[in-house]
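In: Okay, predicted coordinates and the sequence, questions at the end:
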Amino acid sequence: MQTPQLVLLLSVALSFVKLGMTDGGFCSAPSILDRPCTGKLQSQHCLHLIYKVDSYAYLPPNYEHSLMSDGSATLVVFERRYASLENHNTEHFVGSTDKQPLLETPGEVFQLRKLLPQSMPYDFNIHIMDFQPGEFLNVKEVHYNQHGLLLLEGQGIYRLGDSWYPVQAGDVIWMAPFVPQWYAALGKTRSRYLIYKDVNRNPLLRKRMLATWTPNEELNQVRLRSGADMKRKLMWYDLVALGVGGMLGVGVFVTTGPVALQISGPSVFISYIIAGISALLSSLCYTEFSVQIPVAGGAFSYLRVTLVCTMNKFIKCHIYYYSFVSLFNWINVIVLGEFVGYFAGANILMEYVLSNAAVARSFTDYFCQAVGEQDINSWRVQVDGLVEGYNMLDFPAVALVLLLTLCLCHSTKESSILNLIMTVFHVIFFAFIIIAGFWNGSGDNLVKPGGLAPFGVKGVLDGAAIVYFSYIGYDSVSTMAEEIQNPSKSLPIGIVGSVLVVSLLYCLMALSLCIMVPYNKITKAASFSMAFEKMGWKWASNVVGAGASMGIVASLLVAMLGQARYLCVFGRARLVPSWLAKVHPSTGTPLNATLFLGLCTASIALFTDLNIVLEMISISTLLVFYLVANALIYRRYVTISNNPPFHTLVYLSLLSCSAIAFAISLKFEQQRWGMPLFGGLIIIITALFHYMVPCYNHNTREWSVPFMPWPAVVSIFLNVFLMTTLKMLSYQRFAIWACLITLFYVLYGVHSTYEAEEEKKLMIVQEVPPNPSISLQQSKLQIQVL
């Protein structure tokens, strides 16, 4: 068994065994103790305090040694398990503190020495920092890794987070990752302190995958990386219009025809009902997050600041002879990590770009109908050398995307006004189609040929999974959080209200289409226009083409708004190049992200056929909504209620497994007995969880999802169930995409984030002058009294 490496610092004075603490604390001790004062060790390091360090020794792991002293002496011992490195070995040595060379400290006045070599074999180091009276750190520092500090000489004042501590020789400060800190030397003599920290090992991937932000950091520190703030000009009615406009043009005009013809038949309206219920429940989960974390990152930000476990955040220890008193303040510490949020956000971005490209190509179909063209491909250019499905170049779609991109770069408020006008006309247009379809259609078309559900229950459910693509517009509303005047009230109204309105219109539109034309005569492209034409309403066909084109423009406008804000927040986290996070100071819009994604969308719209991307979009949408629903349960029952995470994690695992088993039972006729079994199991474990694990809502003034956990549970069940109805080809394409984004994260994102930079150097958060509320003279007097 390998013994740990040691660093021994020799001197006289008191002894102290370091206590494990999670955030930061400060330990004060009397001038002399005649024996060590011990506490429960919670880390691999052992620290003994001293006042003056004269010499030191480094002992590698498994190094046999003995200590002898001619007189009274005290050791400061740093004990650490060695992280071995292939073909690298450490050697023992003895050194003198003051003989170590001074290192350069650009922009700082203190003197810095490192006691251990900086070469790769050594996995930690000890720094000695000297301040003359009146000198102080020029910036507030935030270290990525945890580290400890021991004041060896002199006195000063130390800022730890938002607390200020007068310190003197013998005091210990321990700092967790990301804790802001600042120091100023007081008194008439030199102030010297010692810092120990990990170096030369790169646990970067593990640390970054688990790195997280608190809601307060997400709302303030992270948002500052965009430079200027987005302008808050939107009201609740803007959000409803954005949500309605974002969804209406997508679902009915792009997916209804193909799903009715090939998958669900006349029961496509039932597919819309099922998908709408799932979307409504998922939207409820979004509302609570969007109110409590009103930032532009949507699901990415929500997952980064949830799934927490309760830990000791801060311990202040006062040691006096043989006793100590500890004060525990319990708050939440994030443990899920950046990677899950990144994975969800990357899938959302993929959905947006692909769906926007699909919608843009659909615009060309309906615009051709509006101007009386018989061939919907007449405005496209066929290239013989390209693969089928990619060989019809759609320049009108590209022109539309680029035009909307320029509009969005100019102003969010003016874009929302344009959307509001188009949405009002679009809803009126929808009413015309619904009334005309019911007036002139025949109920017989719902049952002939083949009945209401010619493809059976499986066809209805498969269709629900496909038309779910129609609802991805509502999460665009949550990305507007930084541009809303009253997020806590406007966001729930905007998100839930838009889903309810759109669900009703979708069902009526799908029913109207199937009443007008038998399902087997519905066309895959421009379905509504062709339906009116087959009824003999040629003029109505042109009107439908014009109205559908307007609706598609509105939905594309909103979706492009949302995708740019997702990418902007990715840039803030440095998961993509930082220039994508910049907000233009004049327009208040994420200019670079909008332009970049506009070009990506235009490129895909130029080549790619609609059918290639529809199912891949649905699986990503369902996965993200599934993750958000899980995160809401965890946040409500663990983060807010301060319950241990074990029971909640076990419950969520059982819930997902039961939903998968239920879906598999439905697919195989011989296993249908599993449906009541696993369905009943979901109800039972949810009831037990609700009864046994208390749920508290400490902030009753803000909107929260009612009847928890049931809405989130049904959302999880439906999302899992709908994912199992998709074709294997969708999962294969999704697996390729998942590998690509994971590879990008490992090779670029994990190394580029702000937190990753902290592994290499200090991160300057802001310049901090001495706290004006605390007089240095007053602090000096307090220290002298101590």
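Out: Sure, I can see it. In this text, all values refer to a predicted model and were calculated from it rather than measured experimentally.
In: Quick check: next helix or strand after the longest helix seen in the chain?
Out: The single longest helix within the chain, with elements called by DSSP state H, is helix 538-572. Downstream of helix 538-572, the next assigned helix or strand under DSSP states H and E is helix 591-607.
In: what angle separates that following helix from helix 538-572?
Out: Inter-element angle recorded for helix 591-607 and helix 538-572: 140 degrees (by axes from the mean of the first three to the mean of the last three CA atoms, to 10 degrees).
In: Now the element after the lowest-mean-pLDDT helix or strand in the chain, going C-ward?
Out: Within the chain, judged by mean pLDDT, DSSP states H and E, the helix or strand with the poorest mean is strand 323-334; its value is a mean of 27. For strand 323-334, the following helix or strand on the C-terminal side (DSSP H and E) is helix 338-370.
In: Now do that following helix against helix 538-572, angle only.
Out: Helix 338-370 and helix 538-572 are oriented at 160 degrees to each other (the same axes, to 10 degrees).
In: tell me what the helix or strand following helix 338-370 is packed against?
Out: Remark: after helix 338-370, the chain's next helix or strand is strand 381-382, criterion DSSP H and E. Judged by 3 or more CB pairs under 8 Å, 6 or more residues apart in numbering; DSSP states H and E, the packing partners of strand 381-382 are strand 392-393. For every residue, glycine as well, the C-beta is placed using N, CA and C.
In: which SS class is the spatially most central residue of the chain?
Out: By CA atoms, centre = their mean, the mean C-alpha position of the chain lies nearest to residue 300, the distance being 2.5 Å. Three-state assignment for residue 300 (DSSP: H, G, I helix; E, B strand; the rest coil): helix.
In: how about it, what does it touch?
Out: Going by CB atoms under 8 Å, 6 or more residues apart in numbering, residue 300 touches 341, 342, 344, 345, 348, 566, 569, 570.
In: packing partners for the longest helix of the chain?
Out: helix 236-250, helix 299-304, helix 338-370, helix 395-410, helix 412-440, helix 474-478, helix 527-534, helix 591-607.
In: most packed of these?
Out: Stretch with highest mean neighbour count among these: helix 474-478 (a mean of 30; mean count of other CB atoms under 10 Å).
In: Just the CA atoms of that helix, as CSV, please.
Out: Output in CSV follows, covering the C-alpha atoms of helix 474-478 (Å, rounded to 0.1, in the frame of the first residue of the first chain):
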residue,chain,number,x,y,z
TYR,A,474,-42.9,27.3,-26.8
ASP,A,475,-39.5,26.9,-25.3
SER,A,476,-38.4,29.9,-27.5
VAL,A,477,-40.5,32.0,-25.1
SER,A,478,-38.4,31.0,-22.1
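In: ok, residues contacting it?
Out: Contacts of helix 474-478 (CB under 8 Å, 6+ apart): 239, 242-243, 246-247, 279, 283, 286, 289-290, 298-299, 348, 491, 494-495, 498-499, 502, 558-559, 561-562.
In: any idea how far residue 407 is from residue 580?
Out: Distance, residue 580 to residue 407, using CB to CB, to the nearest Å: 19 Å.
In: Could you do residue 430 as well?
Out: 23 Å.
In: what's the answer for residue 650, then?
Out: Counting by CB to CB, the gap from residue 650 to residue 407 is 49 Å.
In: OK, contacts around residue 490?
Out: 234, 235, 236, 239, 484.
In: cool, and residue 443?
Out: residue 515.
In: How confident is the prediction for it, by pLDDT?
Out: Per-residue confidence for residue 443 comes out at a pLDDT of 80.
In: quick one: which of the helices and strands packed on helix 538-572 is nearest residue 131?
Out: Nearest of the helices and strands packed on helix 538-572 to residue 131, taken as CB to CB: helix 338-370 at 35.4 Å.
In: For stretch 425-436, which outside residues touch it?
Out: 244-245, 248-249, 505, 508-509, 512, 528, 532, 537, 540, 543-544, 547, 550-551, 554.
In: mind redoing it with 7 Å?
Out: 245, 248, 505, 508-509, 512, 528, 540, 544, 547, 550-551, 554 (CB atoms under 7 Å, 6 or more residues apart in numbering).
In: export the residues you listed to TSV and tack on pLDDT?
Out: Shown next, in TSV, are the contacts of stretch 425-436 (pLDDT from 0 to 100):
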residue	pLDDT
245	77
248	75
505	88
508	90
509	88
512	88
528	79
540	74
544	75
547	78
550	79
551	78
554	79
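In: Most neighbours of all those residues, which one?
Out: residue 245 (32 neighbours; other CB atoms under 10 Å).
In: And that one, how far from residue 424?
Out: Relative to residue 424, and taking CB to CB, residue 245 is found at 9 Å.
In: One more: residue 685?
Out: The gap separating residue 685 from residue 424 is 46 Å, by CB to CB.
In: One more: residue 571?
Out: 34 Å.
In: Can you tell me the element residue 388 falls in?
Out: Here residue 388 is assigned to no helix or strand, by DSSP H and E.
In: List the contacts of it.
Out: Here residue 388 is in contact with no residue (CB under 7 Å, 6+ apart).
In: ok, residue 299 touching residue 628?
Out: Yes. With contact defined as CB atoms under 7 Å, residue 299 counts as touching residue 628 (5.4 Å).
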